[in-house]
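[1] My questions concern the predicted model and sequence given below.
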Amino acid sequence: MQCPKCGAQMPEDVQACPQCGCAGLAGAGQDTVKLGSEHETVAKPGFDGPVDDIDPDKNIRMDIDPLSSSGALDALNSLYDTGGMQFPIEGMEGRKRKTSEAKVGRWGAKRREKRGDKDGSFYKRHKGFVIGAISVVAVAAVIAVVFFAILLGRTNAISDSAIRQVLEGDEAFMIGSAADVFVESDPYALQDLNINSRDAWGDGLVVHATAELKNGFFSETREVTLVFPYTEVTDGCAITVDSHAVRAVRGISNDPEYGIAGANPTFDEGAQACNLTQSYEADTSEHWWYSEAGEIYLAYEFSDDSWKRTLADTDSLTTSFQYLVGSYGDVSEAAYSGAGFTSFAIKSVDDATGAVSGTFSWTDGTRGPFGYGTVSGSFSGYVRRDGSIEAASSGAADTLAFTGRLGEPQTMTIEGSVYYSTAFGMGDVEQALFGPAFLDKGAASAVTESDGSSSSSASSDEYSYDSSPYGFDDDWGYGPGDSSEPGGSYFDLFDIFSW
């Protein structure tokens with residue numbers, strides 16, 4: 001092996017020249033380079049010529065790592081910059097380029113490499129266009145920011161608290177959807193309000209919100225739209241309920257039909273249902289002829305914004321018809337003419353079956369040689385909860401049969417037929433139809449008794465009935481006439497058989 005500095009011959013495995021002391025000679029089979037302090041030479045084993053004679057297209061391998069020492073790297077950079085080292089040298093061009101890229105920024109260099117503009121010539125050629133485009137984008141961004149700032153200011157001009165006040169001040173909105181007869185009156189409160197969106201609309205604002213109304217019985221969620229004509233004021237706001245959903249939060253409190261008020265039933269919120277068992281006494285104002293009392297089981301279900309009664313078990317209630325027992329006066333129109341019931345009384349009623357029994361006395365209002373045409377006796381029949389009544393007498397000769405309805409207040413209207421003994425013959429029986437007869441419990445009959453006296457304690461003016469003669473033509477001289485003067489003032493055969 002030959003020393004590259006002095007040219008002396010050396011063994012292959014020595015590390016330094018024994019003549020001149022040149023170091024770094026191991027690996028003589030590789031291309032080598034040595035950088036001296038006084039001068040720089042580039043040589044190849046077996047080549048004695050000057051540096052200028054080296055083929056620059058052939059790479060020369062170096063036995064040192066340029067990056068292992070900052071001093072070596074600076075020396076190489078300095079040598080390259082002054083033209084003392086020729087490229088390409090394998091490995092050095094890439095390292096030099098990387099150092100340059102680090103100075104200008106890796107991102108820009110990579111972008112140029114991707115578009116084939118390693119030296120930045122594209123930017124240089126289109127510099128004006130690029131700057132103009134960047135300016136347009138910047139101006140557009142500024143305009144957008146200003147626009148959205150103005151828009152945001154408009155949409156937030158009406159605060160959440162102002163929107164709440166508008167809803168709370170609207171009486172129709174605060175009524176709620178679920179008030180019904182089964183709960184007590186209880187005002188709603190605006191429990192919660194969430195603003196979902198705000199949109200500019202002309203000079204005003206459109207707000208979409210979710211509102212929750214609640215009282216002691218119901219919770220209602222509403223999707224609502226508020227339209228404000230102007231953003232400066234809240235006057236004139238139009239409120240629209242887009243949808244709603246209601247749930248019961250407790251059971252019913254009232255049931256007017258069964259006289260229930262202030263109840264606190266067992267409530268199942270999941271099933272939206274409730275039930276109760278309560279002592280009960282029926283209101284007799286609408287059916288005076290019977291009463292009910294006992295325990296009643298009631299069940300209710302909440303759906304479609306209201307409570308509904310689903311069951312009313314009245315099997316344990318007992319019914320009483322004892323209000324029917326008593327005397328009734330005939331105050332119908334015919335009674336003031338002397339025809340009708342001179343007495344009518346219900347003596348007993350069976351509460352379990354509705355069986356009724358009583359007594360009666362009826363006259364046709366005519367008088368003959370043998371007295372008035374009359375019939376009297378007892379009757380039996382049935383009364384029902386719906387107010388219907390029917391009965392008949394049990395006699396073979398003088399009988400009564402009637403049907404009717406109970407009415408208000410404490411009255412009944414009946415009609416039927418009678419077989420009665422006439423006033424003109426001995427034992428003659430005749431059938432007559434009567435009615436409708438108006439019987440009033442506790443009132444005295446307006447019919448003239450057979451002895452010529454009147455049992456009526458009520459005047460015809462009170463009942464506004466016509467008191468014209470009844471039954472016979474006045475030309476015959478038969479008729480009731482004045483109640484205090486039987487037979488009237490007619491001169492007839494009755495005067496021959498005066499009494």
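    Thanks, I have it.

[2] so where's the stretch 301-450 of the chain uncertain?
    Of all residues in the stretch 301-450 of the chain, those with pLDDT under 70 make up the ranges 395-397, 425-427, 448-450.

[3] any chance you could map the strands in it?
    Secondary structure of the stretch 301-450 of the chain (DSSP state E, counting those that start in this stretch): strands at 306-313, 318-320, 326-330, 340-349, 355-368, 371-383, 388-393, 399-407, 411-421, 429-441.

[4] okay, the ones you listed in a markdown table with mean neighbour count and distance to I239 next?
    In this view, the C-beta of every residue, glycine as well, is placed from N, C-alpha and C. Shown next, in a markdown table, are these (neighbours: other CB atoms under 10 Å; distance: least, CB to CB, whole Å):
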| stretch | mean neighbour count | distance to I239 |
| --- | --- | --- |
| strand 306-313 | 14 | 23 |
| strand 318-320 | 13 | 52 |
| strand 326-330 | 22 | 61 |
| strand 340-349 | 22 | 60 |
| strand 355-368 | 21 | 62 |
| strand 371-383 | 19 | 57 |
| strand 388-393 | 18 | 54 |
| strand 399-407 | 19 | 51 |
| strand 411-421 | 19 | 54 |
| strand 429-441 | 18 | 58 |
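
[5] Dump those to CSV, plus distance to F182.
    What follows is those, written out as CSV (distance: least, CB to CB, whole Å):
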stretch, distance to F182
strand 306-313, 4
strand 318-320, 25
strand 326-330, 37
strand 340-349, 34
strand 355-368, 37
strand 371-383, 33
strand 388-393, 31
strand 399-407, 30
strand 411-421, 34
strand 429-441, 35
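
[6] Out of these, which gets nearest to A133?
    Among those, the nearest to A133 by CB to CB is strand 306-313 (66.8 Å).

[7] how long is stretch 253-268 from one end to the other?
    14 Å (CA to CA, to the nearest Å).

[8] Residues contacting it, please?
    Applying CB atoms under 8 Å, 6 or more residues apart in numbering, the contact partners of stretch 253-268 are 181-184, 217, 248, 250-252, 273-276, 278, 280-283, 296, 298, 300, 309, 312.

[9] hmm, back to that, closest one to A157 among the strands of the stretch 301-450 of the chain?
    strand 306-313 (40.1 Å).

[10] Sheet partners, orientation included, of that closest one?
    With DSSP bridges as the test, strand 306-313 is paired with strand 291-303 (antiparallel).

[11] So for the strand it pairs with, what gets flagged as buried?
    Applying a neighbour-count criterion of 16 or more other CB atoms under 10 Å, one finds 291-292, 296, 298-302 buried in strand 291-303.

[12] Ok, stretch 261-269 next?
    Neighbour-count burial for stretch 261-269, with 16+ other CB under 10 Å as criterion, is recorded at 263, 265, 267.

[13] again with stretch 182-191
    Neighbour counts over stretch 182-191 (16+ other CB under 10 Å) mark 182-183, 188, 190 as buried.

[14] V207 pairs with what?
    Per DSSP bridges, residues listed as beta-bridge partners of V207: R198, L226.

[15] what number of residues lie near the nearest residue to K5 once chain neighbours are set aside?
    What sits nearest to K5 in space, not counting adjacent residues and going by CB to CB, 6 or more residues apart in numbering, is C22, at 4.3 Å. Per other CB atoms under 10 Å, the neighbour tally for C22 reads 18.

[16] rewinding a little: closest one of the buried residues of strand 291-303 to D440?
    Using CB to CB, S291 is the member of the buried residues of strand 291-303 that lies nearest D440, at 20.2 Å.

[17] My guess is the closest one contacts Y280. True?
    No - using CB atoms under 8 Å, S291 is not in contact with Y280, being 10.8 Å away.

[18] what's across from E212 in the sheet?
    For E212, the beta-bridge partners under DSSP bridges are D192, T221.

[19] and A157, how many neighbours?
    The number of residues packed near A157 is 17, by other CB under 10 Å.

[20] where's E286 relative to G262, distance?
    E286 sits 22 Å away from G262, going by CB to CB, to the nearest Å.

[21] Touching, C6 and C22? I think so.
    Yes - contact between C6 and C22 holds when scored by CB under 8 Å: they sit 7.2 Å apart.

[22] any idea how far the residue nearest to K5 is from D13?
    15 Å.

[23] Could you do A178 as well?
    Applying CB to CB to A178 and D13 gives a distance of 106 Å.

[24] The two: which has the busier surroundings?
    Ranked by neighbour count (other CB under 10 Å), A178 and D13 place A178 first, with 22 against 10.

[25] Now do the helices in the stretch 151-300 of the chain.
    Along the stretch 151-300 of the chain, counting by DSSP state H, counting those that start in this stretch, helices occupy 160-168, 171-174.

[26] what sits against the nearest residue to A293 once chain neighbours are set aside?
    Nearest residue to A293 in three dimensions, chain neighbours excluded: E281, at 4.4 Å (CB to CB, 6+ apart). Counting by CB under 8 Å, 6+ apart, E281 touches 259, 291-293.

[27] Same question for F438.
    F438 makes contact with 330-332, 411, 413, according to CB under 8 Å, 6+ apart.

[28] For D192, report the pLDDT, please.
    For D192, the model assigns a pLDDT of 96.

[29] Please apply the same query to the one 4 residues further on.
    On pLDDT, N196 comes in at 95.

[30] looking at it, E212 is touching D192, isn't it?
    Yes - the pair E212 and D192 qualifies as a contact (CB under 8 Å) at a distance of 4.2 Å.

[31] What does the pLDDT read for G27?
    The model reports G27 with a pLDDT of 47.

[32] ignore the last one, D65
    For D65, the pLDDT comes out at 49.

[33] beta partners of K441?
    K441 has the following beta-bridge partners by DSSP bridges: Y328.

[34] Tell me the spacing between it and I134.
    106 Å.

[35] one step back: distance check, the residue nearest to A293 against R384.
    Going from E281 to R384 by CB to CB gives 20 Å.

[36] What of F341?
    For F341, the distance to R384 - CB to CB - is 22 Å.

[37] cool, T284 as well?
    Separation of T284 from R384 (CB to CB) stands at 16 Å.

[38] just R309 next, same as before
    If you go by CB to CB, the gap between R309 and R384 works out to 24 Å.

[39] Domain-wise, how is this structure divided?
    Residue ranges for the domains of the chain, per automatic domain parsing: 33-90, 160-248, 256-320, 322-495.

[40] The ones you listed: which one's closest to M1?
    Per CB to CB, nearest to M1 of the domains of the chain: domain 33-90, 7.2 Å.

[41] so what's D351 up against?
    Here D351 is in contact with 318-322 (CB under 8 Å, 6+ apart).

[42] what do you get if the cut-off is 6 Å, keeping everything else the same?
    D351 makes contacts with 319-321, as judged by CB atoms under 6 Å, 6 or more residues apart in numbering.

[43] How about G176?
    Residues counted as contacts of G176 (CB under 6 Å, 6+ apart) are 188, 213, 220.

[44] Check the gap between the first one and S421 for me.
    Which is Y188. Distance, Y188 to S421, by CB to CB: 74 Å.

[45] Equivalent analysis for G259, please.
    For G259, the distance to S421 equals 51 Å [CB to CB].

[46] And V181, by the same measure?
    When V181 is compared with S421 (using CB to CB), they lie 58 Å apart.

[47] before we move on, what about A261?
    Relative to S421, and taking CB to CB, A261 is found at 57 Å.

[48] T284: neighbouring residues, count only.
    Neighbours of T284 (other CB under 10 Å): 13.

[49] Contacts only, for G354.
    So G354 contacts 382-384 (CB under 6 Å, 6+ apart).

[50] ditto for D203
    Y230.

[51] And it, its phi and psi?
    Main-chain torsions, D203, degrees, to the nearest 10: phi -90, psi 0.
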